[in-house]
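In: Need a 3D model of the sequence below.
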Amino acid sequence: MDNFHFSRPTTLTEATAIAPPPTGALRFIAGGTTLVDLMKLGVETPSLIVDINTLPLDTIEPTPDGGLKIGALVRNSALAQHPTVLHNYAVLSQALLSGASPQLRNMATTGGNLMQRTRCIYFRDTVYACNKRTPGSGCSAIDGHNRTLAILGTSEHCIATNPSDMNVALTALDATVHVQNKGRDRAIPIRNFFLLPGDTPHLEHPLEPGDLITHVTLPPPTPGVQTVYLKLRDRASYEFALSSAAVVLGISDGKIHRAQFAMGGIATRPWRSPEAEHLLQGHAPLRLSSVRQQRRTSRRTSSQRKRLQGRTSKALPRARTHPGN
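Out: Purely as a prediction, here's the structure:
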């Protein structure tokens, strides 16, 4: 086992005042459903772990403008069953309940889910080259077993998928992520929170060393808007998405006046297509020509359309994984 220092601050001020170590990395831990796994695999080797479970970040409360504030330590199970979420943000509840298992949802937190790392088998097995794990080492997935990996937002350096169901719903809902560091607060729109891999796939978020996610805010619900989360996977439960969609639709007088949707399982980050959303507006639901045009528009936004054909399938390397948020 690798040695590391452990800290358990009792206030938010103490937690954000902790200086990142000169060597190694600082990692905050709450439920530990991802971090502990990656430490066991040798993928994560932090030199300082900060337990934040005692901090007052586990509440769900309304915002002054009628939206919702979700603390970073709110457990996935509690968030999915909260009455306000069920009534006003059903897509978020559905996404959470479609992921992981009841045991994992009871441990996993909102902040941890936002920071969840890819389940790419090459990232999780240190035998293989992975630019996300070791920058400059290469990407074994591109010519390897990549059926479950990304076709949108990829680069020649990385095709790893963002695995979270919750993040797809939050993206469709235009959530905002709030972080704090040494008394300085920042609000990051979720559309800017997940970075494309480009030449730096090891950089997944615009967070600075020591940044701590404190809460997430959702905008006020719009009356009459319907939401749903759809998920395609290899088995009915306890499985990551091959493809998923969080859909937010406003319909009046038989026509769509508002369309927001995010796609999961197919991209390096939760994927929005503003062009496709715009095309749906003003049309009647389920109009086939609109659906076909939306599909063509989505494909044009991909810089890796050629990977839709001729994917290779090789023997699965041994890697310990479990599906969860």
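
In: Poorly predicted segments of this protein, please.
Out: Filtered on pLDDT under 70, the chain yields the residue ranges 286-295, 297-325.

In: residue ranges for the strands of the chain, please.
Out: 5-7, 26-29, 48-51, 60-62, 68-71, 176-181, 184-189, 212-218, 225-232, 243-252, 255-264, 271-272 (DSSP state E).

In: Include distance to residue 140 and mean neighbour count when you put those strands into TSV, please.
Out: C-beta: built from backbone N, CA, C; applies to glycine. Below are these laid out as TSV (distance: least, CB to CB, whole Å; neighbours: other CB atoms under 10 Å):
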stretch	distance to residue 140	mean neighbour count
strand 5-7	32	12
strand 26-29	25	21
strand 48-51	29	18
strand 60-62	41	13
strand 68-71	36	23
strand 176-181	31	20
strand 184-189	31	12
strand 212-218	30	23
strand 225-232	25	18
strand 243-252	23	19
strand 255-264	23	21
strand 271-272	23	22
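
In: Just send those strands back as JSON lines, with distance to residue 164 too.
Out: Putting these into JSON lines (distance: least, CB to CB, whole Å) gives the following:
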{"stretch": "strand 5-7", "distance to residue 164": "26"}
{"stretch": "strand 26-29", "distance to residue 164": "17"}
{"stretch": "strand 48-51", "distance to residue 164": "22"}
{"stretch": "strand 60-62", "distance to residue 164": "19"}
{"stretch": "strand 68-71", "distance to residue 164": "14"}
{"stretch": "strand 176-181", "distance to residue 164": "13"}
{"stretch": "strand 184-189", "distance to residue 164": "16"}
{"stretch": "strand 212-218", "distance to residue 164": "13"}
{"stretch": "strand 225-232", "distance to residue 164": "12"}
{"stretch": "strand 243-252", "distance to residue 164": "10"}
{"stretch": "strand 255-264", "distance to residue 164": "7"}
{"stretch": "strand 271-272", "distance to residue 164": "12"}
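
In: how about the ones you listed, which one is nearest residue 120?
Out: Smallest distance to residue 120 across the strands of the chain (CB to CB): 14.6 Å, for strand 255-264.

In: So for residue 162, which of the strands of the chain sits nearest?
Out: That would be, of the strands of the chain and by CB to CB, strand 255-264, which comes in at 7.0 Å.

In: Could you list the paired strands of that closest one along with their orientation?
Out: strand 243-252 (antiparallel), strand 271-272 (antiparallel) (DSSP bridges).

In: possible to save these as TSV with distance to residue 64?
Out: Converted to TSV, the strands paired with strand 255-264 look like this (distance: least, CB to CB, whole Å):
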stretch	distance to residue 64
strand 243-252	22
strand 271-272	27
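
In: quick one: which of the ones you listed is nearest residue 211?
Out: strand 271-272 (23.5 Å).

In: For stretch 197-210, buried residues please.
Out: Within stretch 197-210, the residues that count as buried by 16 or more other CB atoms under 10 Å are 197, 201, 204-205, 207, 210.

In: So which residues make contact with that stretch?
Out: 16, 18-20, 25-26, 115, 117, 131-133, 135, 139, 153-155, 157-160, 179, 181-182, 188, 192-195, 268 (CB atoms under 8 Å, 6 or more residues apart in numbering).

In: Provide a ChimeraX selection command restricted to the buried entries of those.
Out: The following ChimeraX line selects those of the contacts of stretch 197-210 that are buried, judged by 16+ other CB under 10 Å:
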select :16,18,20,26,115,117,131,132,133,139,153,154,155,157,158,159,160,179,181,188,193,194,195,268
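
In: thinking again about what came up before, so which of the strands paired with strand 255-264 gets nearest residue 72?
Out: Residue 72 lies closest, by CB to CB, to one member of the strands paired with strand 255-264: strand 243-252, at 20.6 Å.

In: chain center to that closest one, what's the gap?
Out: Remark: strand 243-252 is offset 18 Å from the chain centroid, using CA atoms, centre = their mean, to the nearest Å.

In: Stretch 134-150 too?
Out: Worked out by CA atoms, centre = their mean, stretch 134-150 lies 19 Å from the chain centre.

In: ok, now stretch 192-209?
Out: 12 Å.

In: Over to stretch 246-258?
Out: On CA atoms, centre = their mean, the centre of stretch 246-258 falls 25 Å from the chain's centre.

In: could I get that stretch in CSV with only the CA atoms?
Out: Output of stretch 246-258 as CSV, limited to C-alpha atoms (Å, rounded to 0.1, in the frame of the first residue of the first chain):
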residue,chain,number,x,y,z
ALA,A,246,-31.9,13.4,-20.5
VAL,A,247,-34.8,15.2,-22.2
VAL,A,248,-36.4,18.5,-21.1
LEU,A,249,-39.4,19.5,-23.4
GLY,A,250,-41.9,22.3,-23.2
ILE,A,251,-44.9,21.7,-25.3
SER,A,252,-47.9,24.1,-25.9
ASP,A,253,-50.5,24.3,-28.6
GLY,A,254,-49.2,21.0,-29.9
LYS,A,255,-45.7,22.3,-30.6
ILE,A,256,-42.4,22.2,-28.9
HIS,A,257,-41.4,25.7,-27.6
ARG,A,258,-38.5,24.5,-25.5
